[in-house]
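In: Provided below are the primary sequence and the corresponding predicted coordinates.
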Amino acid sequence: MSADPSRLAPEYPADSAAPAAVRQDFVRQIVRDDLASGKHQGVRTRFPPEPNGYLHIGHAKAICLDFGVANEFGGRCNLRFDDTNPAKEDPEYVEAIQDDVRWLGFEWAELRHASDYFELFYLAGEKLIRQGDAFVCDLSAEEVRAYRGSLNEPGRNSPYRDRSVEENLDLYRRMRAGEFADGARTLRAKIDMASGNINLRDPALYRIKKVTHQNTGDAWPIYPMYDFAHSLSDSCEGITHSLCTLEFEDHRPLYDWCVSKVDLPHSPELLAPLLAKGLPNEAAIPRQIEFSRANLNYTVMSKRKLMVLVQDKLVDGWDDPRMPTLQGIRRRGYTAAAIRLWAERLGVSKQNSVIDYSVLEGCLREDLDAAAARRMAVIDPLKLVITNLDDSHEESLHFSNHPKDESFGSRQVPFSNQLWIEREDFEEVPPKGFKRLIPGGEVRLRGAGILRCDEVIKNEAGEIVELRGTLDPQSRPGMAGADRKIKGTIHWVSARHALAAEVRLYDRLFDVAAPDDDSDGKTYKDHLNPNSRRTVTGYVEPAAAQAAPEQALQFERVGYFVADRYDHNPQQPVFNRSVTLRDTWASKE
């Protein structure tokens, strides 16, 4: 299914989510082979998040793969919420996940929920009991663990494993009626307690949990376990290729067992509740395929750990621009195109690896170099007064909006005799190789001419508070005097016309590459980067202040910034630094 152009980020062309070339990886090869052999007439995939937290950048790889494979082969991809654990789920997460998928440039064929299929799952449990493939167990969770055995020792059968079909059906139906307390009983698959794969040692299929569900209310006092619900959801939706990350590889035998034993394509009585809801009969036998997840250094990818950061107020929320959540990196200024490019460059393999953060930043720089208009801004201001221009002097200078793309057009930038320049562009005692402004030295003011520094003004503490200099009137762009060889060029904004802006200088949230590594006795919370955010007051040219929320800009010589999604307005501009112009971490590592 093609992405809906209206859902794409407005600054990108409608076809930007489409593959630039035929992609080669083992997943796509399996799909090609299945289509060529006639095994499938079409491709159906799904992206199946659990709505128990916000999606992070690791999920972006899965989204791009699930939707990308469907798009490339003319198939369909569902968005399905695997909402089988209502105690940890929230509608807030559901809304954010839908927003994330659409932001990345994709639209789903069908929006589904595992809870749409609760009646089917329940009937499937009855079928397994009648077949002798499931039983009701009275062991407590602790007793189940004790009976399970270990990697080196087989498990032991539950003393309730040989209950009759009639007794199991009676207990199962009473579980459904809410007769028993939470945790008192479970429905377990009857597979093999001696299996080398612990997932096959009579796993639980249903548990008693009297929790209100966001979609079904209090209709169900029992809920299916994830493996059971996930496999049958795929089957009833007609999923052909169930793509998931490598940690589910050991679960695949259970996935296949559930699909095979329940056999939805040949069980019309189980599909009846779906048909009664108006859902189509699409039942099929899906194939699970595992791929390596996207592991990124300098961050954590655990929903649980990210939840702790939010709950402990170590960050400002799920959409804090330092967070690796899709909501967070979007607010930071990462573009959907950059994330898709990153996912493409990661590729799809069976080999787990850790991706360097610089790869992600490089994708954003590459995208914004082409996509971001240029503006001038000063984030550490130092006053510069041009003494040979009158205090009343005002003019507009013509600037291109993008040095490499004329389609961006041009703008007028106000210029006066009082400017703000970056403090780091002046050195009273310059280090070797310094090519910017020094006492008595000259520098080229971007687009305005050549300026000589004549005087340095200091306060009582000896701090530099103002520079004074003269502008060569014959050095304006286009004049013969502009050809003089000057080593340095600096940017500026007119102090009379610039707007004060809140500038949030974001950096990596953690200051070590592997914050999850607790071998030094520290936890990931001990490795939070104290310099991950610094807020300053800077000055921006008027055209920058007019940026729309989420519009990306390159502040010349400073970095790539985005107008904050929520806080920015033209009267009170707020900009977040998305990424520096160059990798500032390479020298630290």
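Out: It's in.
In: now the strands for the stretch 51-200 of the chain?
Out: For the stretch 51-200 of the chain, applying DSSP state E, counting those that start in this stretch gives strands covering 76-81, 111-113, 134-137, 186-189.
In: quick one: low-confidence parts of the stretch 451-589 of the chain?
Out: Per-residue confidence for the stretch 451-589 of the chain (pLDDT under 70) gives these ranges: 585-589.
In: typed the wrong thing, it's the chain
Out: Ranges of the chain meeting pLDDT under 70: 1-21, 585-589.
In: which residues in it form helices?
Out: Along the chain, counting by DSSP state H, helices occupy 26-37, 57-72, 91-103, 118-131, 141-148, 165-176, 226-236, 252-262, 268-276, 303-311, 326-332, 336-346, 357-371, 542-545.
In: compare those and give me the one nearest Tyr506.
Out: Closest approach to Tyr506 among these (CB to CB): helix 326-332, 6.0 Å. Every C-beta, even on glycine, is put in place using the N, C-alpha and C of the backbone.
In: buried sites along the closest one?
Out: Leu326, Gln327, Gly328, Ile329, Arg330, Arg331, Arg332 (16 or more other CB atoms under 10 Å).
In: doesn't Gln98 make contact with the second one?
Out: The reference is to Gln327. No - contact criterion CB atoms under 8 Å: Gln327 and Gln98 do not qualify, at 11.8 Å.
In: hmm, back to that, just so I know, which of the strands of the stretch 51-200 of the chain lies nearest Asp520?
Out: Judging those by CB to CB, what sits closest to Asp520 is strand 76-81, at 38.6 Å.
In: roughly how far is the closest one from the heart of the chain?
Out: The chain centroid and the centroid of strand 76-81 are separated by 18 Å under CA atoms, centre = their mean, to the nearest Å.
In: can you check stretch 448-463 too?
Out: 45 Å.
In: I'd like to know which of the buried residues of helix 326-332 is nearest to Thr470.
Out: For the buried residues of helix 326-332, the nearest to Thr470 is Arg332 (41.5 Å; CB to CB).
In: wait, isn't that closest one in contact with Pro321?
Out: Yes - between Arg332 and Pro321 a contact is recorded at 3.7 Å, counting by CB under 8 Å.
In: start to end distance for stretch 147-155?
Out: Stretch 147-155 has an end-to-end distance of 5 Å (criterion: CA to CA, to the nearest Å).
In: how much space is there between Asp82 and Phe408?
Out: Per CB to CB, to the nearest Å, Asp82 is found 44 Å from Phe408.
In: likewise for Val310?
Out: 38 Å.
In: which one's more surrounded, those two?
Out: Val310 (18 against 15; other CB atoms under 10 Å).
In: show the contacting residues for that one.
Out: By CB atoms under 8 Å, 6 or more residues apart in numbering, the contact set of Val310 is Gly317, Trp318.
In: switch the cut-off to 6 Å
Out: Listed by CB atoms under 6 Å, 6 or more residues apart in numbering, the contact set of Val310 reads Trp318.
In: could you do Asp319 as well?
Out: Asp319 sits next to Gln327, Gly328, Arg331 when contact means CB under 6 Å, 6+ apart.
In: try Asp138
Out: Tyr160, Arg185.
In: cool, Phe73 as well?
Out: Val31, Val43.
In: quick check: it vs Gln24, distance?
Out: Distance from Phe73 to Gln24, counting by CB to CB: 14 Å.
In: with Ala229 instead?
Out: Distance, Ala229 to Gln24, using CB to CB: 33 Å.
In: Ala60 and Ala338 touch, don't they?
Out: No - the criterion here is CB atoms under 6 Å, and Ala60 misses it with Ala338 at 10.3 Å.
In: what is in contact with those two at once?
Out: With CB under 6 Å, 6+ apart, Ala60 and Ala338 have no common neighbours.
In: what's next to stretch 259-271, contact-wise?
Out: Contacts of stretch 259-271 (CB under 6 Å, 6+ apart): Leu120, Leu123, Ala124, Asp133, Ser231, Ser235, Cys236, Asn281, Ala283, Ile285.
In: residues near the closest residue to the third one other than its chain neighbours, how many?
Out: The one in question is Ala124. Excluding its sequence neighbours, the residue lying closest to Ala124 (CB to CB, 6 or more residues apart in numbering) is Val262, at 4.6 Å. If you count neighbours by other CB under 10 Å, Val262 ends up with 26.
In: same deal with Tyr117?
Out: Applying other CB under 10 Å, we find 27 residues neighbouring Tyr117.
In: repeat that for Asn459.
Out: Neighbours around Asn459, by other CB under 10 Å: 9.
In: show me what contacts it?
Out: Here Asn459 is in contact with Val465 (CB under 6 Å, 6+ apart).
In: mind doing that once more with 10 Å?
Out: By CB atoms under 10 Å, 6 or more residues apart in numbering, the contact list for Asn459 reads Val465, Glu466.
In: what of Gly538?
Out: Contacts of Gly538 by CB under 10 Å, 6+ apart are 377-381, 420, 422, 493, 498-503, 505, 544, 555, 558, 561, 573, 575.
In: leaving out the residues flanking it, which one is nearest to it?
Out: Gly538 sits nearest to Ile379 (CB to CB, 6+ apart), 3.8 Å away.
In: number of residues surrounding that neighbour?
Out: 23.
In: so it sits right up against Glu422, yeah?
Out: Yes - with contact defined as CB atoms under 10 Å, Ile379 reaches Glu422; the gap is 7.2 Å.
In: what's the overlap in contacts for those two?
Out: Gly538, Val558.
In: let me see the contact set for Val165.
Out: Per CB under 10 Å, 6+ apart, neighbours of Val165: Glu126, Ile129, Arg130, Gln131, Gly132, Ala134, Phe135.
In: what's the answer for Lys127, then?
Out: Contacts of Lys127 (CB under 10 Å, 6+ apart): Asp133, Ala134, Lys261, Val262, Asp263, Leu264, Ser267, Glu269, Leu270.
In: what's across from Ile208 in the sheet?
Out: Ile222 (DSSP bridges).
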